[in-house]
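Enquirer: I'd like to go over a predicted model; first the sequence, then the structure.
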Amino acid sequence: MLWKMSNSLVLKIIASSINISKQAGVIVRDVMKKGDLGVVDKGINDLQTEADRRAQNCIITSLSKQFPKISIIGEETLDPNDKIEDHWMVTTYDESVFKHKCPEEWLNVTDEDIVVWVDPLDGTSEYTQGLLDHVTVLIGLSVKGRAIGGIIHQPFYNYEKETDFSKLGRTIWGLVGLGAFGFTHKQPPVGKVIVTTTRSHSSATINAAIDAIKPDEVLRVGGAGHKVLLVIEGKAHAYVFPSRGCKKWDTCAPEGVLQSLGGRLTDVFGADLLYDKDVNHTNELGVLATHDALTAHPFFLSKFTDDVKASLLSQQQRV
Ligand SMILES: O=P(O)(O)O[C@H]1[C@H](O)[C@@H](O)[C@H](OP(=O)(O)O)[C@@H](O)[C@H]1O
Ligand SMILES: [Mg+2]
Ligand SMILES: [Mg+2]
Ligand SMILES: [Mg+2]
């Protein structure tokens, strides 16, 4: 136990969150298997299911038990009287994380520096429509307001080939300074431009921004986590979303993983997203995520016209 105690707080949170995300994935699959999704309408085009509620209870209860002094912010507003089942409490670590040396920059991080952003089920609308590979569980780690790592658990990975529900799923994690694990990192094809964007929250501004890029292909899919997976697996060069609506819990884990691989996620103006505990939860000025911080990111940023930027600023002012 002593060797575990000597690990950095950052590695411990990641190692714990990996196992917690897998349990949340079990919950998400179980609710689907039972078939009663318990859908609640939270607003326009914004659903919550029993799986969102149970998975968030699992994640928050487990993380706050293990790390009582860190800040944890989850997407769902839950009933404090919800029943927490015993097996939702995860206290184990993914031991493989401790084979890595914590990057020096994260060695002295303290509880007060940390905010964990939790999206218990990203892609809820797609979950209710049976687009199961769009669904992820996101646990993002921010330190002093910046996303530095995270877990993207995809509970239905392989569902088109694998019929045994208990064998489904994969867990990708990353930490800036260390890299990302649990999948094969690929660069997107050279000589063409592929972008991914929303399938269910489109707008004239988003379409105008995509037209200006003149992409060879547009992948309209659900889930912020899923879109960033497309970028890190080389299926898209960029996730383009010049609109408000995406939240900090949608972007923190994907940003942490993407950055650990040399990619970048910013708003449409190229500014870093901030993840302090008192920050506005909405990414008001949109999201751009690209596979490469140095060349692709400036290229896509340069394609946002003044009209697209003005539209985002005017939406922000109306809030
Ligand atoms: O966790 P949920 O509510 O499913 O997260 C949403 C995001 O908030 C939303 O931005 C995404 O929109 P698009 O798919 O239209 O880009 C949605 O897919 C979910 O990830
Ligand atoms: Mg939601
Ligand atoms: Mg989400
Ligand atoms: Mg969600």
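Expert: Arrived safely. Ligands and ions are numbered 1, 2, ... in the order given.
Enquirer: could you use CA atoms for every contact and neighbour count after this?
Expert: Fine.
Enquirer: outline the domain layout of this protein.
Expert: As recorded under the TED database, the domains making up the chain are 9-181, 194-317.
Enquirer: how about Ala180, phi and psi?
Expert: phi -130, psi 150 (degrees, to the nearest 10).
Enquirer: Lys33: neighbour count?
Expert: By the criterion of other CA atoms under 10 Å, Lys33 has 11 neighbours.
Enquirer: got it, and Trp117?
Expert: By other CA under 10 Å, the residues close to Trp117 number 28.
Enquirer: just put the domains of the chain in CSV and tack on distance to ligand 1.
Expert: Output for these, formatted as CSV (distance: least, CA to the nearest ligand atom, whole Å):
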stretch, distance to ligand 1
domain 9-181, 3
domain 194-317, 3
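Enquirer: need those domains in JSON lines (columns: mean pLDDT and distance to ligand 3).
Expert: As requested, the domains of the chain are arranged in JSON lines below (pLDDT from 0 to 100; distance: least, CA to the ion, whole Å):
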{"stretch": "domain 9-181", "mean pLDDT": "96", "distance to ligand 3": "4"}
{"stretch": "domain 194-317", "mean pLDDT": "96", "distance to ligand 3": "4"}
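Enquirer: how about those, which one is nearest Gln187?
Expert: Closest approach to Gln187 among the domains of the chain (CA to CA): domain 194-317, 4.5 Å.
Enquirer: touching, Ser8 and Cys102? I think so.
Expert: Yes: using CA atoms under 8 Å, Ser8 is in contact with Cys102, at 6.7 Å.
Enquirer: list the contacts of Ile232.
Expert: His185, Lys186, Gln187, Leu258, Leu261, His291 (CA atoms under 8 Å, 6 or more residues apart in numbering).
Enquirer: oops, could you answer that again for Pro242 instead?
Expert: If you count contacts by CA under 8 Å, 6+ apart, Pro242 has them with Thr205, Ile206, Ala209, Val268, Leu285, Gly286, Val287, Leu288, Val308, Leu312.
Enquirer: rerun at 10 Å
Expert: The neighbours of Pro242, taking CA atoms under 10 Å, 6 or more residues apart in numbering as the test, are 197, 202-203, 205-210, 267-269, 284-288, 304, 308-309, 311-312.
Enquirer: what about burial for the residues you listed, which qualify?
Expert: 197, 205-206, 209-210, 267-269, 284-288, 304, 308-309, 312 (16 or more other CA atoms under 10 Å).
Enquirer: just the ones of those in strands?
Expert: Judged by DSSP state E, the subset of these located in strands is Thr197, Val287, Leu288.
Enquirer: and the last one, bridged to which residues?
Expert: Right, Leu288. Beta-bridge pairing of Leu288 under DSSP bridges involves Val240, Thr266.
Enquirer: the first one now?
Expert: For Thr197, the beta-bridge partners are Arg220 (DSSP bridges).
Enquirer: quick one: contacts for Leu230?
Expert: Contacts of Leu230 by CA under 10 Å, 6+ apart are Lys186, Pro188, Val195, Thr196, Leu219, Val221, Ala236, His237, Ala238, Tyr239, His291.
Enquirer: so, in contact with ligand 4 or not, the one helix or strand it maps to?
Expert: Element membership for Leu230 (DSSP states H and E) is helix 224-232. No: using CA under 5 Å from the ion, we find that helix 224-232 stays clear of ligand 4, coming within 9.5 Å at best.
Enquirer: quick one: that helix to chain centroid distance?
Expert: Averaging C-alpha positions (CA atoms, centre = their mean, to the nearest Å) puts helix 224-232 8 Å from its chain's average.
Enquirer: strands of the stretch 1-150 of the chain, residue ranges please.
Expert: Secondary structure of the stretch 1-150 of the chain by DSSP state E, counting those that start in this stretch: the strands cover 40-43, 46-48, 71-74, 114-122, 136-143, 146-154.
Enquirer: run a quick neighbour tally on Val118.
Expert: Neighbours of Val118 under the rule other CA under 10 Å: 30.
Enquirer: that one pairs with what?
Expert: For Val118, the beta-bridge partners under DSSP bridges are Gly74, Ile139.
Enquirer: contacts only, for it.
Expert: Each residue near Val118 by CA under 10 Å, 6+ apart is listed here: 21, 55-56, 59-60, 72-76, 137-141, 150-151, 248-253.
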